[in-house]
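**Q** Pasted the sequence and its predicted model underneath.
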Amino acid sequence: MFGLEALDLARMQFAFTVSFHILFPAITIGLASFLAVLEGLWLKTKDDTYRDLYHFWSKIFAVNFGMGVVSGLVMAYEFGTNWSRFTDFAGAVTGPLLTYEVLTAFFLEAGFLGVMLFGWNRVGRGLHYFSTVMVAVGTLISTFWILASNSWMQTPQGYEIVDGRVIPVDWLAVIFNPSFPFRLAHMAIAAFVATAFFVGASAAWHLLRGRDNAAIRKMFSMAMWMALIVAPIQAFVGDAHGLNTLEHQPAKIAAIEGHWENVGNEPTPLILFGIPDMKEEKTKYAIEVPYLGSLILTHSLDKQIPALKSFPPEDRPNSLIVFWSFRIMAGLGMLMIAVGLWSAWLRWRGGLYTNRLFLTLAMCMGPSGLIALLAGWFTTEIGRQPWVVYGLMRTTDAVSNHSAAQMSITLVLFVLVYFSLFGTGFGYMMRLVRKGPKTHEGAEATHGGPGQNRTPARPLSAAHEGTEEGTVDSLNKGN
């Protein structure tokens, strides 16, 4: 296929499937915690606006959760089919970690998810809220184990190699490897930021179309508060993550910076823009800021960072890709911080819900968190190359013995199935977003809630509610 080898196609297939999959858990993590906050605020304040928002976002959460589960199962099979040598080499570490994720997180989520989605009118308020919190906790526990496994592949420790296989000797060292705390915090915060901008964009869309009510304002306000508070925190966590990466994966940092060689004792400049050329071993058309690279990466004005030429060519990541993927992530992160600050200024001036320029920007920023997350993921994974387990196993040694033709067929099938299946699911989710929360302002007071009749919590019911109501109105008019 286009002259690509089986290894290239296997990497493309995994990159494609994981790129689809990672979007769903990110929104699931953020929405689960958002739902727990909404129900908690409703129970505390008795403000039905929070309850209406809970019903609205729980349907979107359910659809997103289902797509995340389906897309995640495919990746589990890929480890055995396309990367069997990696599984044979490191399965004694990665296998148990993923099993712990299923036993502690997935079962927890699955056990309480039914109560959360379908028990609104069947269980007490306390139990229902507890179920929502447990689902939110389950998503974070799942993140814990997945990031523990991935971080171990980036910075392995707590193992011995016996007969060509990795054998864990210290599980605490395996789990809490040097990069794990930074990756866990970075990923969890990224999920919250991505969800905040997704929620904010949906509210901005409704406000721009004149649907200005308490529920829309409330979710827009909450989203902008989250952006204002969490986006700057992510910048500090990212900085700490970068320092950790410089210590344990210096080649990755050199590739991210497009930094090829040090000149004497001169501090490292920061290359804002350029085109790294792996063959010519230089970054073309570079726009540099003197000293800034050393200041950001070492927090000093005189220290240097390792240069790409200090590593053998076969051990260098593809600088062109990670150079730009990192800048996409960082650029969007700075824009998110700016949006949060602008929202604070407009809130103070009283124009948060009426400034059309800001609302348009907030709507356009809807996918920004997910794009930044994907860009960061590409930076992390491609920057690890040519290693699948850093310093222990190369990617070329991890792939299964498949032909290019076999990999081409499965890749094409994956693309067709994923775009049709998840495209449909995404379209349905967007229909729910466009419909907006169902509020009961001005209607006869109905407290709803657990133990009382209310709007169905079934996600598949939501798409037909408007149609059914319209049909009933038509019949009444006809009679």
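**A** Perfect, thanks for sending it.
**Q** surely residue 80 meets residue 87?
**A** Yes - taking contacts as CB atoms under 8 Å, residue 80 lies within contact range of residue 87: 6.0 Å. Where C-beta positions appear, they are placed from N, C-alpha and C, glycine not excepted.
**Q** Looking at those two, which is more packed in?
**A** More crowded of residue 80 and residue 87, by other CB atoms under 10 Å: residue 87, with 17 against 13.
**Q** nearest spatial neighbour of that one, skipping sequence neighbours?
**A** Take residue 87 and drop its neighbours on the chain: the residue closest to it by CB to CB, 6 or more residues apart in numbering is residue 79, 5.3 Å away.
**Q** next one: residue 232
**A** Using CB to CB, 6+ apart, the nearest residue to residue 232 is residue 337, at 5.6 Å.
**Q** what does residue 238 give?
**A** Using CB to CB, 6+ apart and skipping residues adjacent in sequence, the residue nearest residue 238 is residue 186, 6.3 Å away.
**Q** distance of the one you found from residue 77?
**A** Distance, residue 186 to residue 77, by CB to CB, to the nearest Å: 28 Å.
**Q** With neighbour numbers in mind, choose between the two.
**A** Remark: of residue 186 and residue 77, residue 186 carries more neighbours, 21 against 10, as counted by other CB under 10 Å.
**Q** counting contacts, what elements does the helix or strand encompassing that one pack onto?
**A** Using DSSP states H and E, residue 186 falls within helix 180-208. Where contact means 3 or more CB pairs under 8 Å, 6 or more residues apart in numbering; DSSP states H and E, helix 180-208 is packed against helix 6-45, helix 125-154, helix 214-248, helix 319-349, helix 356-364, helix 368-384, helix 404-435.
**Q** Could I get the average pLDDT for that helix?
**A** Averaging the model's pLDDT scores along helix 180-208 yields 94.
**Q** so how far is that helix off the chain centroid?
**A** Put simply, helix 180-208 sits 8 Å off its chain's centre (CA atoms, centre = their mean, to the nearest Å).
**Q** same question, stretch 72-91
**A** With CA atoms, centre = their mean, you get 22 Å for stretch 72-91.
**Q** first to last residue in it, what's the distance?
**A** One end of stretch 72-91 sits 18 Å from the other (CA to CA, to the nearest Å).
**Q** residues in contact with it?
**A** 10, 13-14, 17-18, 21, 25, 94-95, 98, 153, 164-166, 388-389, 392-393, 397-400, 402, 407, 414 (CB atoms under 8 Å, 6 or more residues apart in numbering).
**Q** Find me the pLDDT at residue 267, would you?
**A** On pLDDT, residue 267 comes in at 86.
**Q** would you list the helices and strands packed on helix 180-208 in JSON lines and tack on distance to residue 306 and mean pLDDT?
**A** Shown next, in JSON lines, are the helices and strands packed on helix 180-208 (distance: least, CB to CB, whole Å; pLDDT from 0 to 100):
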{"stretch": "helix 6-45", "distance to residue 306": "25", "mean pLDDT": "89"}
{"stretch": "helix 125-154", "distance to residue 306": "17", "mean pLDDT": "92"}
{"stretch": "helix 214-248", "distance to residue 306": "8", "mean pLDDT": "93"}
{"stretch": "helix 319-349", "distance to residue 306": "13", "mean pLDDT": "94"}
{"stretch": "helix 356-364", "distance to residue 306": "38", "mean pLDDT": "94"}
{"stretch": "helix 368-384", "distance to residue 306": "14", "mean pLDDT": "92"}
{"stretch": "helix 404-435", "distance to residue 306": "35", "mean pLDDT": "84"}
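**Q** Tabulate these (CSV), appending distance to residue 301 and mean neighbour count.
**A** As requested, the helices and strands packed on helix 180-208 are exported to CSV (distance: least, CB to CB, whole Å; neighbours: other CB atoms under 10 Å):
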stretch, distance to residue 301, mean neighbour count
helix 6-45, 37, 21
helix 125-154, 29, 21
helix 214-248, 16, 19
helix 319-349, 21, 18
helix 356-364, 36, 17
helix 368-384, 26, 22
helix 404-435, 47, 15
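**Q** Out of the ones you listed, which is closest to residue 114?
**A** When these are compared for distance to residue 114 using CB to CB, the nearest one is helix 125-154, at 8.4 Å.
**Q** Kindly calculate the angle that the closest one makes with helix 6-45.
**A** Angle between the axes of helix 125-154 and helix 6-45 is 150 degrees (criterion: axes from the mean of the first three to the mean of the last three CA atoms, to 10 degrees).
**Q** Now do helix 125-154 against helix 180-208: the angle between them, please.
**A** Using the same axes, to 10 degrees, helix 125-154 lies at 130 degrees relative to helix 180-208.
**Q** Relative to the following helix or strand past helix 125-154, what are the paired strands and their orientations?
**A** Following helix 125-154 in sequence order, the next helix or strand is strand 159-162 (DSSP H and E). Sheet pairing for strand 159-162, assigned by DSSP bridges, gives strand 165-168 (antiparallel).
**Q** which outside residues touch the partner strand?
**A** Residues contacting strand 165-168 (CB under 8 Å, 6+ apart): 88-90, 92-93, 96, 156, 158-161, 174, 389, 392.
**Q** Run through who's touching the next helix-or-strand element following it.
**A** For strand 165-168, the following helix or strand on the C-terminal side (DSSP H and E) is helix 171-175. Residues from elsewhere that reach helix 171-175 (CB under 8 Å, 6+ apart): 93, 97, 148, 152, 157-159, 168.
**Q** Which of these are buried? Put it as a ChimeraX command.
**A** Buried residues within these, by 16 or more other CB atoms under 10 Å, are selected in ChimeraX with:
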select :93,97,148,152,158,159,168
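**Q** which one among the contacts of helix 171-175 gets closest to residue 34?
**A** For these, the residue nearest residue 34 by CB to CB is residue 148; the value is 24.6 Å.
**Q** Enumerate every residue touching the closest one.
**A** 97, 174-177, 180, 184 are the contacts of residue 148 under CB under 8 Å, 6+ apart.
**Q** repeat that with 10 Å
**A** 93-94, 97-98, 100-101, 174-177, 180, 183-184 (CB atoms under 10 Å, 6 or more residues apart in numbering).
**Q** List just the nearest of those to residue 36.
**A** For these, the nearest to residue 36 is residue 184 (19.3 Å; CB to CB).
**Q** which residues sit in contact with the closest residue to that closest one other than its chain neighbours?
**A** In space, and not counting its chain neighbours, residue 184 is closest to residue 147: 4.6 Å by CB to CB, 6+ apart. By CB under 10 Å, 6+ apart, the contact set of residue 147 is 97, 101, 154, 175, 179-188.
**Q** In a markdown table, list those residues along with distance to residue 58.
**A** Shown next, in a markdown table, are the contacts of residue 147 (distance: CB to CB, whole Å):
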| residue | distance to residue 58 |
| --- | --- |
| 97 | 30 |
| 101 | 23 |
| 154 | 35 |
| 175 | 32 |
| 179 | 34 |
| 180 | 31 |
| 181 | 31 |
| 182 | 32 |
| 183 | 29 |
| 184 | 26 |
| 185 | 27 |
| 186 | 27 |
| 187 | 23 |
| 188 | 21 |
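**Q** Among these, give me the pair with the biggest separation.
**A** Spatial extent of those (CB to CB) is set by the pair 101 and 182 at 19.4 Å.
**Q** quick one: residue 287 is in a strand?
**A** Yes - applying DSSP: H, G, I helix; E, B strand; the rest coil, one finds residue 287 inside a strand.
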